[in-house]
Every structure is written in structure tokens, then in C-alpha cells.
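> give me the fold of what follows.
(2 chains)
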Amino acid sequence: MANVSLDGKALARIKIAAFCLALLPLGKLGFNACLDNLGANPIEKITHVTGFWTLTLLMVTLAATPLRRLSGWSWPIRLRRMLGLFAFGYGSLHLLAYLVLDQFFDWEAIVQDIAKRPYITVGFPAFLLMVPLAVTSTDKMLRRLGGKNWLRLHSLVYPCAIGGVVHYWWLVKKDLSNPLAFASVLAILLGVRVAYRLGGPLFRRPKPARST
Amino acid sequence: MKNYHYPKIPAAEITPKHLFQARRKFMQTAGGAALAALLPQPLWAAGGFGEIKKSEFSTSEALTPLQSVTGYNNFYEFGTGKDDPAARAGNLKTRPWSVRIEGEVKKPITLDIDQILKIAPLEERIYRLRCVEAWSMVVPWLGFPLAELIKCAEPTGKAKYVEFVSLHDPQQMPGQKSAVLDWPYREGLRLDEAMHPLTLLTVGLYGEVLPPQNGAPLRIVVPWKYGFKSAKSIVAIRFLEQQPTTSWMQAGPSEYGFYANVNPEVDHPRWSQAKERRIGEFLKRKTLMFNGYAEQVAPLYAGMDLARYF
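Predicted structure coming up:
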């Protein structure tokens, strides 16, 4: 298996590309909003697009570790913090779209939604789980917490991603194809981790790649 | 020799000239539209109906823009996305089109769309439309009361319900290649609901022939019920003794009932129905009982537990 370790320049280039790609959906949304091009129900559109990219980016960050283990690549791990923060950013916009655009601070309705609507009951805490992860994403916080504690805290990403997918699953009226796609990807990403734990020979850990 | 007297024609039998002309215009438009369908231009670009009777049942609320009415649709026959119908309904062939009238009727018959159009004069009805997903529109429909057609069909004494069956043809309706609902789409009303003067057999909107994505060439509009009750692209109307099981009841019996009356007090199990977003508005507005048609339709449900018969 090729050990792809990249020099700093190449990594920087990949990072810039990933940054632009992750920003693209937001840029497109803003552009279309300015042109009044978000369709008949712009609030719904904004909510759906930001929710979709929150989940997508969560899946991407969860793919980094299995990718390294299967291929030996280390660069996905190096992008993970940035993409995780993007997931948090889109998640925040998603929540804000709900609070401000959809409900317009109708706190009574919001509290009722969280208590009574299962997809919001599960979606809201799933978002909250992202907050400590974002707050502790800096190098400083990693050092402060110590690697082990930091890792333990960041395993909150698993219930967060599961909650996000369940949130999507429960809110669609009938057509489950999109939530099903996310659920399948998540099942594979989590399944690979379980397989590692069980130590199947197929999944033997390659020698750790030396990062440059 | 006695003078011959022409039989007197009751005034009610005489079609007013503007309606006669409007109907003629519709026929021409529809004919033109059939030709236009061969060209890459929207079906409804062919022209209007001319003068049409305004209805006393119309609301004076601001109309939802045509672009939203024809671009934001739930019509799963063409896909589950809101913009799928506008993008994918272009191949729907709306002429020739016939509708089977069957079941508990004195004489089952298949009517051509042109015959149906001759049953009664067209009128414009500006109705509120409330979707079960908590958004709403105001749409100027064109049609005539479904009751007119039901009278022609002469249901037997056994008929208690009316079932509407939509077209099932995956070639024309690509959304039907997916089993998201049990095709063909079936909806139903109690006979008295179907006979209610608000229930409109609809052939147009905004003064034009119904666009395919809005249920061309023939649909019903039941303004006090959630939108999914208003069956589109109808090919059969069945009179039944027993309450039929509709497509949505079958898909989610705990979420979609037979009645599906707009009711702010009975929530969908997964979301609130207390408020709605009128398309084009920012703040939500309160949903009205029976979508604001309580005065006309509440007596139909006197004594019924509406939480149970949702």
C-alpha cells in the first residue's frame, strides 16, 4: 500500500481546495438568495441545504480514520478539524434558519417542537453535541485536555452523527431515499470501526505513516 | 289553423353568451395546447379563456404568484422534490383524455374530457390551498362544481363514497418508477363532501388551461382539506358503498386519515398544524379551522370527533 505522505506545500494546496469546496454550498446559497432564486419557499430551501451539508460534512470527517487505516493516507486526518468546523458552521446556520427564519423567535412554538416533535427532539441535542467538539478543536485545548481525554470527548461525534441521520429519517414525509443513503454511509463508517475493534485480519492496521 | 308555439326555454337553461364564448375559447385553447405540447413551450402559453364568471366563494386575499403555483408542487407521480413536477411533467399527454364513471351508478360510462367540459359553465374560484406540510397558497382555479358531474352520473342509492383514481403510466409519469406510494394514486370523499358546492372539478388556473404539474387535464380541488385530498390527473371516478382506502392512508395510516380536514387543533403526529407559511410571506400565520371554510362545511361534520376522524 502506498504511503502517501505529503510535503507541507501539497497539504496546504489540498487544504485550500477543501476549504473552497466546503464553502461552495454556502456561496451558492448566498448567491441564489441575492438573485431571489431560492424557489417558492426560500426558508425551506435554506433549512434543507444547510442540514444536508451538515450531515455530509459529518460523514466526511468520519471517513478520515477508516481512510487512513485502509489506505495509509494521513492527509484526510489533517483536513478533519477544518471540515468538522465546517460541519459545525453549517449546523449552526441550520439551527439559526429554524430559530430565526422559520419560527422567528416564537419560543413557545420552539420549546413545544423540541418536546413534541421527535425529529426535533433528537436533532436539537445532536447539534448541541457538536458545540464542545468545536470549542475543543484548537491545539491548545487538545494539549490542555490531554490526548486521551480529548479523544474520549470527541467520540461524541458518533451519537451526534447518528442523531443527525435519525433527525433526517424522521422528518421526511415518505421518500426515505436520501436519509437511507446517509444511514448506509454512516453504517459503513461505523461498521469499519467495529471491525477494527474486533481485529479482523483484513483490517490490520498499517504501520503508522510518518507525517511530515 | 292554430299557431305553432315554440316550447318555452327556461331562463336557467340558457347559457349566457360570455360563458358560451368562454367555453368555446377553452376548447380552442385546449386544442391549441395539444398542438403546442409538441413544441418546446409551456402548455399554458397558448392563451386564456377570456371572460369567466367570478364566484361568490372566492377569497379576496392576495394571489400566490403563478410562478410559485406552477413551480412548487407536491405531485409524487413526477418525483418527490417540489420542483420535480415542473421539470418532469412535460411528457404528460392530456389529450385525448377520458374519465371512467363507474361503480354504484345507474349507467357506467366513459366520458371524454370535451364532454365533461360541456356539463356546466366554467367559473373562477379563488381558494386557499393548505398543504399538510404546513405551507399554503391562494390559487385562482377554473372549473365547475363536481356536483354537476355527479348529478349527470346518477349514483345509485347505495353510493356513499366517491373514489378518484389518477393516471398510472410510468412512461409519462416518471415518479411512478419508484414505489414511494402504491400507484395509481387514489383519493376519496364522502358523497356529501363530493356534492358540496365548494368541491370544484378543475380544468384551469390563472385563466389558463391547467399545467401538467398542477394535475392536468382534470383534477378536483377540495379547499377545506389538506392538499393531498385533491386528486390530480383523474382517469376514473368510482361510486362506492364502503369507504375506500386512499394511497396516503395506506402509506401511513397513523399519519393520514380519510378526512384530512384542515384543523389547527389536530397535529400531524410529527409536526404542528397550528400555523402555516403562506408562500411568499415571512411570518407564519395561524391556520384556520377547515382552512377558513368552516361556515360552509362545518355542518358536514356535526357531532364527529375530529381528532379521531382526522
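
> got the contact list for residue B:181?
Shown in contact with residue B:181 (Cβ atoms under 8 Å, 6 or more residues apart in numbering or on different chains): A:174, B:76, B:247, B:248, B:250, B:251. The C-beta positions use only the backbone N, C-alpha and C, and glycine is treated the same way.

> could you redo the last one with a cut-off of 7 Å?
By Cβ atoms under 7 Å, 6 or more residues apart in numbering or on different chains, the residues touching residue B:181 are A:174, B:76, B:247, B:251.

> will you turn those residues into JSON lines that also has distance to residue B:210?
As requested, the contacts of residue B:181 are exported to JSON lines (distance: Cβ to Cβ, whole Å):
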{"residue": "A:174", "distance to residue B:210": "24"}
{"residue": "B:76", "distance to residue B:210": "18"}
{"residue": "B:247", "distance to residue B:210": "21"}
{"residue": "B:251", "distance to residue B:210": "25"}
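
> by neighbours, which of these wins?
Greatest neighbour count in these, by other Cβ atoms under 10 Å in any protein chain shown, goes to residue B:76: 25 neighbours.

> and the pLDDT at it?
For residue B:76, the pLDDT comes out at 98.

> thought it was touching residue B:175?
Yes: applying Cβ atoms under 7 Å, one finds residue B:76 in contact with residue B:175, separated by 5.3 Å.

> next one, pLDDT for residue 212 please.
Went with chain A since none was named. With respect to pLDDT, residue A:212 has a value of 49.

> actually chain B
Reading off the confidence values, residue B:212 has pLDDT 98.

> just residue A:148 next, same as before
As predicted, residue A:148 sits at a pLDDT of 95.

> any idea how far residue B:96 is from residue A:60?
Residue B:96 is 52 Å from residue A:60, where distance means Cβ to Cβ, to the nearest Å.

> so these two - more neighbours on which side?
Neighbours were counted for residue B:96 and for residue A:60 using other Cβ under 10 Å; residue A:60 has more, 23 against 10.

> disregarding flanking residues, what is the spatial nearest neighbour of that one?
With Cβ to Cβ, 6 or more residues apart in numbering or on different chains as the criterion, residue A:60 has its nearest non-adjacent residue at 5.5 Å, and that residue is residue A:83.

> residues touching the one you found, list them.
Contact analysis of residue A:83 by Cβ under 7 Å, 6+ apart lists A:18, A:22, A:57, A:60, A:61.

> adding pLDDT, write those residues out as a markdown table.
Formatted as a markdown table, the contacts of residue A:83 follow (pLDDT from 0 to 100):
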| residue | pLDDT |
| --- | --- |
| A:18 | 96 |
| A:22 | 97 |
| A:57 | 98 |
| A:60 | 97 |
| A:61 | 97 |
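
> can I assume residue A:174 sits in a helix?
No: Residue A:174: not assigned to a helix; according to DSSP: H, G, I helix; E, B strand; the rest coil it is coil.

> next up, the contacts around it.
B:180, B:181, B:251.

> ok, which stretches of chain A are helices?
Per DSSP state H, chain A carries helices over the ranges A:8-34, A:42-71, A:75-96, A:107-116, A:118-135, A:139-145, A:147-154, A:157-171, A:177-198.

> please identify which of those helices is closest to residue B:199.
Closest to residue B:199 of the helices of chain A is helix A:42-71 (Cβ to Cβ; 29.0 Å).

> got the buried residues for the closest one?
Buried residues in helix A:42-71, counted by 16 or more other Cβ atoms under 10 Å in any protein chain shown: A:42-69.

> then stretch B:213-220?
Buried, per 16+ other Cβ under 10 Å, within stretch B:213-220: B:213, B:214, B:215, B:216, B:217, B:218, B:219, B:220.

> what is the neighbour count of residue A:108?
The tally of other residues near residue A:108 (other Cβ under 10 Å) stands at 8.

> state the distance from it to chain B.
Residue A:108 is 10 Å from chain B, where distance means Cβ to the nearest Cβ, to the nearest Å.

> where does the closest residue to residue A:76 other than its chain neighbours land on pLDDT?
Leaving out its chain neighbours, the residue that sits closest to residue A:76 by Cβ to Cβ, 6+ apart is residue A:64, at 4.0 Å. Per-residue pLDDT puts residue A:64 at 95.

> cool, and residue B:307?
Value for residue B:307, per-residue pLDDT: 95.

> how close does the nearest residue to it once chain neighbours are set aside sit to residue B:257?
The shortest distance from residue B:307 to any non-neighbouring residue, by Cβ to Cβ, 6+ apart, is to residue B:266 (5.2 Å). Residue B:266 sits 9 Å away from residue B:257, going by Cβ to Cβ.

> which neighbours do those two share?
residue B:310.

> so who does the most centrally placed residue in chain A touch?
Closest to where the C-alpha atoms of chain A average out (Cα atoms, centre = their mean) is residue A:58, at 1.7 Å. Contacts for residue A:58 (Cβ under 7 Å, 6+ apart) come out as A:87, A:161, A:164.

> hey, C-alpha coordinates of stretch B:299-310 in PDB?
The C-alpha trace of stretch B:299-310 is given here as PDB (Å, rounded to 0.1, in the frame of the first residue of the first chain):
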ATOM      1  CA  PRO B 299     -72.300  21.100   9.300                       C
ATOM      2  CA  LEU B 300     -70.900  18.200   7.300                       C
ATOM      3  CA  TYR B 301     -69.100  17.000  10.400                       C
ATOM      4  CA  ALA B 302     -71.600  17.900  13.100                       C
ATOM      5  CA  GLY B 303     -71.100  15.600  16.100                       C
ATOM      6  CA  MET B 304     -68.000  13.900  14.800                       C
ATOM      7  CA  ASP B 305     -64.800  13.600  16.900                       C
ATOM      8  CA  LEU B 306     -62.400  15.300  14.500                       C
ATOM      9  CA  ALA B 307     -59.400  14.100  16.400                       C
ATOM     10  CA  ARG B 308     -60.500  10.500  15.800                       C
ATOM     11  CA  TYR B 309     -61.600  11.100  12.300                       C
ATOM     12  CA  PHE B 310     -58.600  13.100  11.200                       C
END
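
> buried residues in that stretch?
B:301, B:310.

> what lies in contact with that stretch?
With Cβ under 7 Å, 6+ apart, stretch B:299-310 has contacts from B:192, B:193, B:196, B:257, B:259, B:261, B:263, B:266.

> only whichever of those residues are buried, select them in ChimeraX.
Applying 16+ other Cβ under 10 Å to the contacts of stretch B:299-310, the buried members can be selected in ChimeraX as follows:
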select /B:193,196,257,259,261,263,266
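
> which member of the contacts of stretch B:299-310 is positioned nearest residue A:8?
residue B:266 (61.9 Å).

> tell me if residue B:144 really is in a strand.
Yes: Residue B:144 sits within a strand when classified using three-state DSSP.
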